[in-house]
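Novice: below are the sequence and a predicted model; questions follow.
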Amino acid sequence: MDATAFRWVLVGIAVMVVAAVYFLSQHQARLRKRNAMENFTRDEVDSTFNEDEQLHHELDNLNRILTDDRDEADVDGISIETRDEAPAAASPPPEPEVFVPALLTDRDATAVVSYHLRHEDYRYIVGEVASAAAEHAGLELNGAGYLEFREAGEVLFRVASLSVPGTFNEIEQPGFATLGFNCFVDLEASGDPREAYESMLKKIDELVRVLNVKVYKPDQKLLTISDVTRVREQFA
């Protein structure tokens, strides 16, 4: 082998050595990089796992705190609702006492037929309205302070006030007011009890229309057709 050929052989060997060294260094670099990436990834995963565990633990603590606060708030809310609950409905005021004058209380129940004309809610009737209704029905004020209805000079029935003192002496006064009219027939003093009773029923019908009231018996129960029929049967 001549010198030139030998030189080219050396050059070829040198190139191969350089190439081998280069590739070996590249391979080692890749291995180091891979190891570094694996270590980094593992550390990162471990770190993330640890952080997740810590976050989960903190969330559990926070959840317990929120639950405790909510329970306390619920208890406080119940307490507040109990303390602030609406007061019991006030009982309605007592009904005004219906006044019945001695003229009627001293008489036997079978000797007098009386009916009360008043509002269902015990609303008062002012003097001006009461006076107009009495005039419309042809009722006149007598010396005792009661209203009365006359025909041919005979008193058929009278009317007392359902409020103290039971009379209408001050019916024209501005402050007068009454719970209603107490219409009654004195059967013993009447010349014709049946006629007096029928006349009272007619006038009661007029007063009911004018005053917009209802008719009650002395026991404060509404008057019915059956009640009227029973009274009429007494005159048969």
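Specialist: Yes, it's here. Numbering: from 1, shown residues only.
Novice: what about Pro96, neighbour count?
Specialist: Residues within reach of Pro96, counting by other Cβ atoms under 10 Å, total 13. Using the backbone N, CA and C atoms, a C-beta is placed for each residue, glycine as well.
Novice: that one should be in a helix, yeah?
Specialist: No: per DSSP: H, G, I helix; E, B strand; the rest coil, Pro96 lies outside any helix segment and is coil.
Novice: from Leu179, how far off is it?
Specialist: Using Cβ to Cβ, to the nearest Å, Pro96 is found at 6 Å from Leu179.
Novice: next secondary structure after the helix or strand hosting Phe149?
Specialist: If you go by DSSP states H and E, Phe149 is part of strand 147-151. Using DSSP H and E, the helix or strand that follows strand 147-151 in sequence is strand 154-161.
Novice: same for that following strand, what does it pack against?
Specialist: strand 147-151, strand 180-186, helix 193-211 (3 or more Cβ pairs under 8 Å, 6 or more residues apart in numbering; DSSP states H and E).
Novice: where does the prediction get shaky in this structure?
Specialist: Scanning the chain for pLDDT under 70 picks out 1-3, 6-7, 10-11, 18, 21, 29, 33-94.
Novice: those helices in it, which residues are they?
Specialist: 3-84, 102-105, 127-136, 193-211, 225-234 (DSSP state H).
Novice: name the surrounding residues that touch the fourth one.
Specialist: The one in question is helix 193-211. Helix 193-211 has contacts (Cβ atoms under 8 Å, 6 or more residues apart in numbering) with 113, 115, 117, 125, 129-130, 132-133, 136-139, 149, 151, 156-157, 180-181, 183-185, 187, 190, 213-215, 228, 231-232, 235.
Novice: may I see the buried residues of it?
Specialist: Residues of helix 193-211 classed as buried under the neighbour-count rule (16 or more other Cβ atoms under 10 Å) are Pro193, Ala196, Tyr197, Glu198, Ser199, Met200, Leu201, Lys203, Ile204, Leu207, Val210, Leu211.
Novice: dump the C-alpha coordinates for it into PDB.
Specialist: What follows is helix 193-211 as a C-alpha-only set of coordinates in PDB (Å, rounded to 0.1, in the frame of the first residue of the first chain):
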ATOM      1  CA  PRO A 193    -153.700  42.700  68.300                       C
ATOM      2  CA  ARG A 194    -153.800  41.100  64.900                       C
ATOM      3  CA  GLU A 195    -154.200  44.400  63.000                       C
ATOM      4  CA  ALA A 196    -151.500  46.000  65.200                       C
ATOM      5  CA  TYR A 197    -149.100  43.200  64.500                       C
ATOM      6  CA  GLU A 198    -149.800  43.300  60.700                       C
ATOM      7  CA  SER A 199    -149.300  47.100  60.700                       C
ATOM      8  CA  MET A 200    -146.000  46.700  62.500                       C
ATOM      9  CA  LEU A 201    -144.800  44.200  59.900                       C
ATOM     10  CA  LYS A 202    -145.600  46.500  57.100                       C
ATOM     11  CA  LYS A 203    -143.800  49.400  58.700                       C
ATOM     12  CA  ILE A 204    -140.800  47.200  59.600                       C
ATOM     13  CA  ASP A 205    -140.600  46.300  55.900                       C
ATOM     14  CA  GLU A 206    -140.400  50.000  55.000                       C
ATOM     15  CA  LEU A 207    -137.800  50.700  57.700                       C
ATOM     16  CA  VAL A 208    -135.700  47.700  56.500                       C
ATOM     17  CA  ARG A 209    -135.600  49.100  53.000                       C
ATOM     18  CA  VAL A 210    -134.700  52.700  54.100                       C
ATOM     19  CA  LEU A 211    -132.100  51.800  56.700                       C
END
